[in-house]
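Novice: Sequence first, predicted model second:
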Amino acid sequence: MRYRTRVTAPAAALIGTAAALTAAPSAHAAPTPTGTSAAKTSGTPGPETVGDPVYPALGNDGYRVAAYHLDFSYDATTRLVDATATLKIRTTQALSRFSLDSLGLDIRSVRVGGRTATFEQVDEKLRVTPARTLPNKSSVTVCVEYSADPRRIPQPHTGWVDTLDGFAACCQPNLAHTVFPCNDHPSDKADFSFRLTVPSGLRGVANGLLTGTESLDGDRTAYTYRSREPMATELVQITVGDYVVKDRQGPHGLPLRDVVPTARAEALEPALRLTPGLVEWLEARLGAYPFETYGLLPCNSDDPKAFDFTGLETQTLTLYKPNFLLQEEKKIGSHMMHELVHSYFGNSVSPATWSDLWLNEGHADFYGLLYRYERGWADSLGLTTLEARMKNTYAQGDQWRRDWGPVAAPNAVNLFESQRYLGGVLVLYALRNLVGEQAFTALERAFLDRYRNSSASTEDYIAVASEVTGQDLSGFLRDWLYGTKTPRMPGHPDWTVTPVNPSAAPRRRRSADHHEHSATL
């Protein structure tokens, strides 16, 4: 699989992206080298996978997406969304056909390079046959017009959250393609812009910064947004409803914006005003916050079935169950830190494959727990130090590896089990014990700097750790990440692992427990 490092364009150069995508009339082909085979010149269908070990059906390896522009129009009477997704792609081979990930969307038309293309929906793929073959290394605009019903749940899953007065999106890990056609894999990050047209009285909100508001005929308002940094599809947020936007300032003038149900704005304020302090604490450990803004989106729904998690990181805006944020600080602060950490591990640096999820969740729990214990807040087990929690986790290490696999070797069934969360924390704790706190902090920052706005793998993390510390840590970290037995804990030779109970059936999460294995809850 190929991964790329993205360089963010200057803000002025990005302003015209949506118009440029819409206006692009045709594919621009690179010259065909002499001697190219007839098959490559004529093109072949793009591989309908990017080879992810957890979700092998995701993505298409025949192209990469440079930019998305999503134009949504919401009808409050029918509660339907009329949408256009415009993608600028660059081919990695000559393509006679390619596919976008798509499920549960009513596709009306597809144009490629301004020309009508034929298409068919097969399982979770929208197969597109352009009017002419797309040459290798060519850039072309793909425009898909469709409609969607946020209340309809396509099988087997959906990224739509139906609310009292609109909808929100929760696309992690493999649900973005139920909201918009895309190359739905975090290794293919792209620039995003949005135009959301809603009835006046409602507000449309998306990732990034608001760049324009336009009053339209029919008592409607269009909101446009742009994400300054590239983004993985799973991190997209689009929400419509009766919300008020509350602005405040974070450290170093960082603009913070919370999108809050109008009727709950006052009640949620105690939680919202915690954010500047959380950002300041984390910046002291991981460096400057990596995006243009941050804030919380307490979704306007109390339905326990609306979404099966407490908080979900979407880039620049964390989606929350509103009632969770009504609790006192010691009940919510640790998890608010967990979600903020995802701005660094998961959003700025995305996983190269879903096997690398421990990099997201292990780091989020690691810093979330540090924040908790610094404040003397007991965790769910009544423990008040990281060392005590890690000793408890260490004892369960072999059983977890037997039940849920090694930390960095999940499958689709156990992806969000505790092994990716606390199991990941245990790896980071062992690493910090081995190399020392100063070296650990240095390697964390080096990893984030090197892969900012890109995707990185477990092997990338191991390589940076070895390089920064001047030690070959590959054997040490691979034993911790891929071994079937829990290694000895540096600095704690007295710690022991409880023998595996071979007759115990592996614990499986209930559907309502998805994403809920964070130790910060």
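Specialist: Thanks, I have the structure now. Residues are numbered from 1 along each chain as shown.
Novice: Tell me where the stretch 51-200 of the chain has strands.
Specialist: 63-75, 80-91, 95-101, 106-112, 115-116, 118-122, 125-129, 139-148, 160-163, 166-169, 190-199 (DSSP state E, counting those that start in this stretch).
Novice: Quick check: which of those strands is buried the most?
Specialist: When you average the neighbours per residue for each of the strands of the stretch 51-200 of the chain (mean count of other C-beta atoms under 10 Å), strand 166-169 leads with a mean of 26. C-beta: built from backbone N, CA, C; applies to glycine.
Novice: who touches that strand?
Specialist: 74, 76, 81, 150, 159-161, 176, 179, 198, 202, 236-242, 297, 299-300, 314, 319 (C-beta atoms under 8 Å, 6 or more residues apart in numbering).
Novice: Now with 7 Å, please.
Specialist: By C-beta atoms under 7 Å, 6 or more residues apart in numbering, the list of residues contacting strand 166-169 from outside reads 74, 150, 159-161, 179, 202, 236-241, 299, 319.
Novice: Averaged pLDDT, it. What do you get?
Specialist: For strand 166-169, mean pLDDT rounds to 97.
Novice: Extract the CA atoms of stretch 116-127 and return them as CSV.
Specialist: This file holds the C-alpha atoms of stretch 116-127, laid out as CSV (Å, rounded to 0.1, in the frame of the first residue of the first chain):
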residue,chain,number,x,y,z
THR,A,116,-21.8,11.1,-18.4
ALA,A,117,-20.5,7.8,-17.2
THR,A,118,-22.3,4.5,-16.7
PHE,A,119,-22.5,3.1,-13.2
GLU,A,120,-23.8,0.2,-11.2
GLN,A,121,-24.1,-0.5,-7.5
VAL,A,122,-22.7,-3.9,-6.5
ASP,A,123,-22.6,-4.7,-2.7
GLU,A,124,-20.8,-1.7,-1.2
LYS,A,125,-19.2,-0.5,-4.4
LEU,A,126,-20.4,2.1,-6.9
ARG,A,127,-18.7,0.9,-10.1
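Novice: Which residues are in contact with residue 101?
Specialist: Contact analysis of residue 101 by C-beta under 7 Å, 6+ apart lists 58, 59, 124, 125, 177, 181, 182, 183, 184.
Novice: What is the nearest of those residues to residue 306?
Specialist: When the contacts of residue 101 are ranked by distance to residue 306 (C-beta to C-beta), residue 177 comes first, at 20.1 Å.
Novice: and the gap between the closest one and residue 183?
Specialist: Per C-beta to C-beta, to the nearest Å, residue 177 is found 9 Å from residue 183.
Novice: Tell me how far the spatially most central residue of the chain lies from residue 312.
Specialist: The centroid of the chain falls nearest to residue 235 when counting by C-alpha atoms, centre = their mean (3.6 Å). According to C-beta to C-beta, residue 235 stands 9 Å off from residue 312.
Novice: what residues are shared contacts of those two?
Specialist: Shared contacts of residue 235 and residue 312 (C-beta under 7 Å, 6+ apart): none.
Novice: what are the ranges of the helices in the stretch 201-350 of the chain?
Specialist: 265-272, 275-286, 329-341 (DSSP state H, counting those that start in this stretch).
Novice: let me redo that: the stretch 401-521 of the chain
Specialist: Under DSSP H, counting those that start in this stretch, the stretch 401-521 of the chain gives helices at 418-435, 437-450, 458-469, 474-482.
Novice: Which neighbouring elements make contact with the longest one?
Specialist: Packed against helix 418-435, as judged by 3 or more C-beta pairs under 7 Å, 6 or more residues apart in numbering; DSSP states H and E, are the following elements: helix 357-374, helix 386-395, helix 397-404, helix 474-482.
Novice: Which one, of the ones you listed, ends up nearest to residue 337?
Specialist: helix 357-374 (4.3 Å).
Novice: ok, and for the closest one, which residues are buried?
Specialist: For helix 357-374, a neighbour-count test (16 or more other C-beta atoms under 10 Å) marks 357-373 as buried.
Novice: helices or strands next to that helix in the packing?
Specialist: Here helix 357-374 touches helix 275-286, helix 329-341, strand 349-351, helix 386-395, helix 418-435, going by 3+ C-beta pairs under 7 Å, 6+ apart.
Novice: Pairing partners for the residue lying closest to residue 151 once chain neighbours are set aside in the sheet, please.
Specialist: Distances taken as C-beta to C-beta, 6 or more residues apart in numbering place residue 162 nearest to residue 151, at 4.8 Å, with adjacent residues excluded. Judged by DSSP bridges, the bridge partners of residue 162 are residue 167.
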